[in-house]
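K.L.:
Have a look at this prediction, sequence included:
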Amino acid sequence: MSILAYIIIFTLIGSVVALVGGVILLVREKFAIRISHYLASFAAGTLLGAAFLDLLPHAQEHAEELGGMNIALWVLIGFLFFFLIERFILWFHHYHSHHLHGHTIEVKKKAKSVVPLVVLGDSFHNFLDGAVIAATFLVSIPLGIVTTLAVAAHEIPQEIGDFGILIHQGIKRGKVLLINFISALMALIGALITYAIGQSIEMFLPILLSIAAGFFIYIAASDLIPEIHNEDKKIVALFETILLFLGVLIIWAAITSLHLLGFSH
(Lines give C-alpha, C1' and ligand atoms only; values in the text may rest on other atoms or scores of the structure.)
Protein backbone atom coordinates (compact mmCIF):
# COMPACT_ATOMS: atom_id res chain seq x y z
CA MET A 1 0.00 0.00 0.00
CA SER A 2 1.32 3.45 -0.90
CA ILE A 3 2.13 6.18 1.62
CA LEU A 4 -0.70 8.30 0.20
CA ALA A 5 -3.15 5.46 0.81
CA TYR A 6 -1.94 5.13 4.42
CA ILE A 7 -2.36 8.88 4.90
CA ILE A 8 -5.90 8.93 3.52
CA ILE A 9 -7.05 5.82 5.39
CA PHE A 10 -5.61 6.77 8.78
CA THR A 11 -6.68 10.41 8.51
CA LEU A 12 -10.23 9.24 7.88
CA ILE A 13 -9.97 6.73 10.73
CA GLY A 14 -8.76 9.47 13.06
CA SER A 15 -11.62 11.75 11.99
CA VAL A 16 -14.29 9.08 12.41
CA VAL A 17 -12.98 8.00 15.82
CA ALA A 18 -12.92 11.64 16.92
CA LEU A 19 -16.63 11.92 16.14
CA VAL A 20 -17.35 9.06 18.55
CA GLY A 21 -17.20 11.46 21.49
CA GLY A 22 -19.80 13.70 19.90
CA VAL A 23 -22.06 10.79 19.04
CA ILE A 24 -21.88 9.57 22.64
CA LEU A 25 -22.95 13.04 23.74
CA LEU A 26 -25.93 12.97 21.37
CA VAL A 27 -27.04 9.60 22.72
CA ARG A 28 -26.15 9.94 26.42
CA GLU A 29 -25.24 13.50 27.29
CA LYS A 30 -24.73 13.08 31.04
CA PHE A 31 -22.56 10.00 30.56
CA ALA A 32 -20.43 11.72 27.92
CA ILE A 33 -19.83 14.74 30.12
CA ARG A 34 -19.07 12.53 33.10
CA ILE A 35 -16.29 10.65 31.27
CA SER A 36 -14.92 13.63 29.36
CA HIS A 37 -12.42 14.51 32.11
CA TYR A 38 -11.08 10.97 32.11
CA LEU A 39 -10.80 10.95 28.32
CA ALA A 40 -8.96 14.27 28.42
CA SER A 41 -6.46 12.92 30.93
CA PHE A 42 -5.83 9.82 28.81
CA ALA A 43 -5.47 12.03 25.73
CA ALA A 44 -2.88 14.20 27.48
CA GLY A 45 -0.80 11.10 28.13
CA THR A 46 -1.00 9.95 24.52
CA LEU A 47 -0.01 13.39 23.24
CA LEU A 48 2.98 13.61 25.57
CA GLY A 49 3.98 10.05 24.76
CA ALA A 50 3.77 10.64 21.02
CA ALA A 51 5.71 13.90 21.30
CA PHE A 52 8.58 12.70 23.48
CA LEU A 53 8.81 9.03 22.55
CA ASP A 54 8.22 9.20 18.80
CA LEU A 55 8.08 12.64 17.19
CA LEU A 56 11.15 14.15 18.83
CA PRO A 57 13.43 11.10 18.43
CA HIS A 58 12.57 11.00 14.72
CA ALA A 59 13.07 14.74 14.38
CA GLN A 60 16.50 14.47 16.01
CA GLU A 61 17.46 11.50 13.84
CA HIS A 62 16.55 13.25 10.60
CA ALA A 63 18.18 16.47 11.76
CA GLU A 64 21.46 14.64 12.30
CA GLU A 65 21.20 13.08 8.84
CA LEU A 66 20.85 16.58 7.38
CA GLY A 67 23.87 17.91 9.24
CA GLY A 68 22.30 19.10 12.45
CA MET A 69 19.41 21.34 13.46
CA ASN A 70 18.23 22.92 16.71
CA ILE A 71 15.23 20.69 17.39
CA ALA A 72 14.48 22.27 20.78
CA LEU A 73 14.18 25.70 19.17
CA TRP A 74 11.57 24.45 16.69
CA VAL A 75 9.61 22.70 19.44
CA LEU A 76 9.49 26.02 21.29
CA ILE A 77 8.49 27.84 18.11
CA GLY A 78 5.69 25.30 17.56
CA PHE A 79 4.49 25.68 21.15
CA LEU A 80 4.47 29.48 20.96
CA PHE A 81 2.96 29.50 17.48
CA PHE A 82 -0.11 27.56 18.57
CA PHE A 83 -0.37 29.66 21.71
CA LEU A 84 -0.48 32.81 19.57
CA ILE A 85 -3.05 31.28 17.22
CA GLU A 86 -5.32 30.44 20.13
CA ARG A 87 -4.89 33.87 21.70
CA PHE A 88 -5.59 35.58 18.36
CA ILE A 89 -8.79 33.62 17.86
CA LEU A 90 -9.90 34.39 21.42
CA TRP A 91 -9.19 38.09 20.99
CA PHE A 92 -10.49 38.55 17.46
CA HIS A 93 -13.83 36.91 18.08
CA HIS A 94 -14.33 37.94 21.72
CA TYR A 95 -14.24 34.25 22.30
CA HIS A 96 -16.39 32.36 24.73
CA SER A 97 -15.04 29.77 27.11
CA HIS A 98 -16.52 26.33 27.59
CA HIS A 99 -15.65 23.94 30.36
CA LEU A 100 -16.96 20.55 31.33
CA HIS A 101 -17.73 20.56 35.07
CA GLY A 102 -19.43 17.55 36.59
CA HIS A 103 -22.67 17.05 34.69
CA THR A 104 -23.09 20.50 33.14
CA ILE A 105 -21.60 22.46 30.29
CA GLU A 106 -20.97 26.07 31.18
CA VAL A 107 -20.95 28.44 28.23
CA LYS A 108 -20.06 32.10 28.67
CA LYS A 109 -21.11 33.94 25.54
CA LYS A 110 -19.27 37.09 24.60
CA ALA A 111 -20.61 37.26 21.06
CA LYS A 112 -24.04 37.16 19.47
CA SER A 113 -23.38 33.73 18.05
CA VAL A 114 -20.64 31.28 18.95
CA VAL A 115 -21.64 28.72 16.32
CA PRO A 116 -19.50 30.08 13.44
CA LEU A 117 -16.53 30.38 15.80
CA VAL A 118 -16.88 26.81 17.05
CA VAL A 119 -17.09 25.49 13.49
CA LEU A 120 -14.16 27.63 12.34
CA GLY A 121 -11.98 26.71 15.31
CA ASP A 122 -12.77 23.01 15.04
CA SER A 123 -12.15 23.00 11.29
CA PHE A 124 -8.78 24.70 11.68
CA HIS A 125 -7.83 22.30 14.46
CA ASN A 126 -8.79 19.32 12.29
CA PHE A 127 -6.79 20.75 9.39
CA LEU A 128 -3.70 20.89 11.62
CA ASP A 129 -4.33 17.34 12.84
CA GLY A 130 -4.45 16.09 9.27
CA ALA A 131 -1.25 17.96 8.41
CA VAL A 132 0.53 16.40 11.40
CA ILE A 133 -0.65 12.90 10.48
CA ALA A 134 0.53 13.28 6.88
CA ALA A 135 3.90 14.74 7.91
CA THR A 136 4.57 11.79 10.20
CA PHE A 137 3.60 9.20 7.60
CA LEU A 138 6.10 10.83 5.24
CA VAL A 139 8.74 9.87 7.79
CA SER A 140 7.57 6.33 8.57
CA ILE A 141 4.41 4.25 8.75
CA PRO A 142 4.77 3.42 12.48
CA LEU A 143 5.22 7.09 13.36
CA GLY A 144 2.10 7.94 11.37
CA ILE A 145 0.06 5.23 13.09
CA VAL A 146 1.15 6.31 16.57
CA THR A 147 0.44 9.94 15.73
CA THR A 148 -3.03 9.05 14.47
CA LEU A 149 -3.70 7.27 17.77
CA ALA A 150 -2.68 10.37 19.75
CA VAL A 151 -4.69 12.70 17.51
CA ALA A 152 -7.84 10.57 17.78
CA ALA A 153 -7.48 10.31 21.57
CA HIS A 154 -7.36 14.07 22.13
CA GLU A 155 -10.09 14.81 19.58
CA ILE A 156 -12.72 12.67 21.35
CA PRO A 157 -13.09 14.89 24.46
CA GLN A 158 -12.83 18.00 22.27
CA GLU A 159 -15.72 16.80 20.11
CA ILE A 160 -17.80 16.23 23.24
CA GLY A 161 -17.25 19.89 24.13
CA ASP A 162 -17.96 21.16 20.61
CA PHE A 163 -21.10 19.05 20.22
CA GLY A 164 -22.29 20.25 23.62
CA ILE A 165 -21.86 23.91 22.72
CA LEU A 166 -23.73 23.56 19.43
CA ILE A 167 -26.58 21.63 21.06
CA HIS A 168 -26.92 24.23 23.82
CA GLN A 169 -27.09 26.90 21.11
CA GLY A 170 -30.31 25.30 19.92
CA ILE A 171 -29.01 23.52 16.83
CA LYS A 172 -30.78 20.26 16.00
CA ARG A 173 -28.82 17.09 16.69
CA GLY A 174 -28.81 15.93 13.08
CA LYS A 175 -27.39 19.24 11.93
CA VAL A 176 -24.78 19.18 14.71
CA LEU A 177 -23.59 15.80 13.49
CA LEU A 178 -23.47 17.01 9.87
CA ILE A 179 -21.54 20.17 10.81
CA ASN A 180 -18.93 18.21 12.73
CA PHE A 181 -18.63 15.58 10.01
CA ILE A 182 -17.89 18.28 7.42
CA SER A 183 -15.46 19.91 9.84
CA ALA A 184 -13.73 16.56 10.36
CA LEU A 185 -13.10 16.32 6.61
CA MET A 186 -10.78 19.34 6.95
CA ALA A 187 -8.28 16.87 8.40
CA LEU A 188 -8.17 15.08 5.04
CA ILE A 189 -7.61 18.37 3.23
CA GLY A 190 -4.75 19.24 5.59
CA ALA A 191 -3.26 15.78 5.09
CA LEU A 192 -3.42 15.92 1.29
CA ILE A 193 -1.90 19.40 1.13
CA THR A 194 0.92 18.34 3.44
CA TYR A 195 1.52 15.21 1.37
CA ALA A 196 1.71 17.23 -1.85
CA ILE A 197 4.11 19.75 -0.34
CA GLY A 198 6.04 17.24 1.76
CA GLN A 199 7.22 15.29 -1.25
CA SER A 200 9.36 18.25 -2.29
CA ILE A 201 10.50 19.53 1.13
CA GLU A 202 11.88 16.41 2.76
CA MET A 203 14.74 18.43 4.21
CA PHE A 204 12.21 20.32 6.33
CA LEU A 205 10.67 17.20 7.90
CA PRO A 206 12.67 17.58 11.15
CA ILE A 207 11.18 21.06 11.51
CA LEU A 208 7.66 19.79 10.81
CA LEU A 209 8.05 16.99 13.34
CA SER A 210 9.42 19.38 15.97
CA ILE A 211 6.57 21.84 15.41
CA ALA A 212 4.09 18.95 15.62
CA ALA A 213 5.69 17.92 18.94
CA GLY A 214 5.31 21.50 20.18
CA PHE A 215 1.67 21.38 19.09
CA PHE A 216 1.04 18.16 21.05
CA ILE A 217 2.86 19.43 24.13
CA TYR A 218 0.92 22.69 24.04
CA ILE A 219 -2.47 20.94 23.85
CA ALA A 220 -1.58 18.56 26.67
CA ALA A 221 -0.03 21.20 28.92
CA SER A 222 -2.46 24.08 28.40
CA ASP A 223 -5.81 22.46 27.62
CA LEU A 224 -5.87 18.98 29.13
CA ILE A 225 -3.59 18.67 32.17
CA PRO A 226 -5.06 21.75 33.94
CA GLU A 227 -8.34 19.82 34.15
CA ILE A 228 -6.64 17.35 36.48
CA HIS A 229 -5.30 20.11 38.71
CA ASN A 230 -8.71 21.78 38.82
CA GLU A 231 -10.42 18.63 40.03
CA ASP A 232 -11.50 18.97 43.68
CA LYS A 233 -12.35 15.33 44.27
CA LYS A 234 -9.14 13.52 45.18
CA ILE A 235 -10.30 10.11 43.98
CA VAL A 236 -11.27 11.52 40.58
CA ALA A 237 -7.95 13.36 40.31
CA LEU A 238 -6.17 10.11 41.17
CA PHE A 239 -7.92 8.20 38.39
CA GLU A 240 -7.22 11.04 35.95
CA THR A 241 -3.54 10.94 36.89
CA ILE A 242 -3.44 7.18 36.38
CA LEU A 243 -5.08 7.58 32.97
CA LEU A 244 -2.49 10.19 31.97
CA PHE A 245 0.32 7.75 32.72
CA LEU A 246 -1.66 4.99 31.00
CA GLY A 247 -1.83 7.13 27.87
CA VAL A 248 1.95 7.44 27.82
CA LEU A 249 2.32 3.70 28.44
CA ILE A 250 -0.02 2.79 25.58
CA ILE A 251 1.93 4.98 23.15
CA TRP A 252 5.14 3.26 24.26
CA ALA A 253 3.47 -0.14 23.85
CA ALA A 254 2.19 0.81 20.39
CA ILE A 255 5.66 1.90 19.28
CA THR A 256 7.22 -1.30 20.62
CA SER A 257 4.50 -3.51 19.09
CA LEU A 258 4.82 -1.94 15.65
CA HIS A 259 8.56 -2.50 15.79
CA LEU A 260 8.12 -6.15 16.77
CA LEU A 261 5.57 -6.65 13.98
CA GLY A 262 8.24 -5.69 11.48
CA PHE A 263 7.25 -2.12 10.68
CA SER A 264 10.48 -0.28 10.08
CA HIS A 265 11.06 3.18 11.48
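P.N.:
Everything's here; your move.

K.L.:
What average pLDDT does stretch 243-257 get?
P.N.:
In this model, stretch 243-257 has a mean pLDDT of 87.

K.L.:
tell me which residues in that stretch are buried?
P.N.:
For stretch 243-257, a neighbour-count test (16 or more other Cβ atoms under 10 Å) marks 243-244, 247-248, 250-252, 254-255 as buried. Where C-beta positions appear, they are placed from N, C-alpha and C, glycine not excepted.

K.L.:
for stretch 227-239, same thing?
P.N.:
Neighbour-count burial for stretch 227-239 [16+ other Cβ under 10 Å]: 227-228, 231, 237, 239.

K.L.:
which outside residues touch that stretch?
P.N.:
37-38, 40-41, 44, 100, 240-241, 244 (Cβ atoms under 8 Å, 6 or more residues apart in numbering).

K.L.:
Quickly check those residues for the two that are furthest apart.
P.N.:
Greatest spacing in the contacts of stretch 227-239, by Cβ to Cβ: 100 and 241 (17.6 Å).

K.L.:
So between these two, which is more surrounded?
P.N.:
For residue 100 versus residue 241, the count of surrounding residues by other Cβ atoms under 10 Å is larger for residue 100: 21 against 16.

K.L.:
what's the pLDDT at the most centrally placed residue in the chain?
P.N.:
With the centre of the chain defined as its mean C-alpha position, the nearest residue by Cα atoms, centre = their mean is residue 151, 3.9 Å away. The model reports residue 151 with a pLDDT of 84.

K.L.:
and what of residue 98?
P.N.:
pLDDT at residue 98 comes out at 44.

K.L.:
With adjacent residues omitted, what lies nearest to residue 225?
P.N.:
Using Cβ to Cβ, 6 or more residues apart in numbering and skipping the chain neighbours, the partner closest in space to residue 225 is residue 44 (5.2 Å).

K.L.:
Next: residue 40.
P.N.:
residue 157 (4.3 Å).

K.L.:
quick one: pLDDT of residue 264?
P.N.:
In this model, residue 264 is scored at 51, pLDDT.

K.L.:
Contact partners for the residue nearest to the centre of the chain?
P.N.:
Counting by Cβ under 8 Å, 6+ apart, residue 151 makes contact with 14, 18, 129, 132-133.

K.L.:
Among those residues, give me the pair with the biggest separation.
P.N.:
18 and 132 (13.3 Å).

K.L.:
Looking at the two, which one has more neighbours?
P.N.:
residue 132 (30 against 27).

K.L.:
Now do the contacts for that one.
P.N.:
147, 151, 212, 215.

K.L.:
give me the number of residues near the third one?
P.N.:
Translated: residue 212. Neighbours of residue 212 (other Cβ under 10 Å): 28.

K.L.:
pretty sure it contacts residue 79?
P.N.:
No. The criterion here is Cβ atoms under 8 Å, and residue 212 misses it with residue 79 at 11.0 Å.
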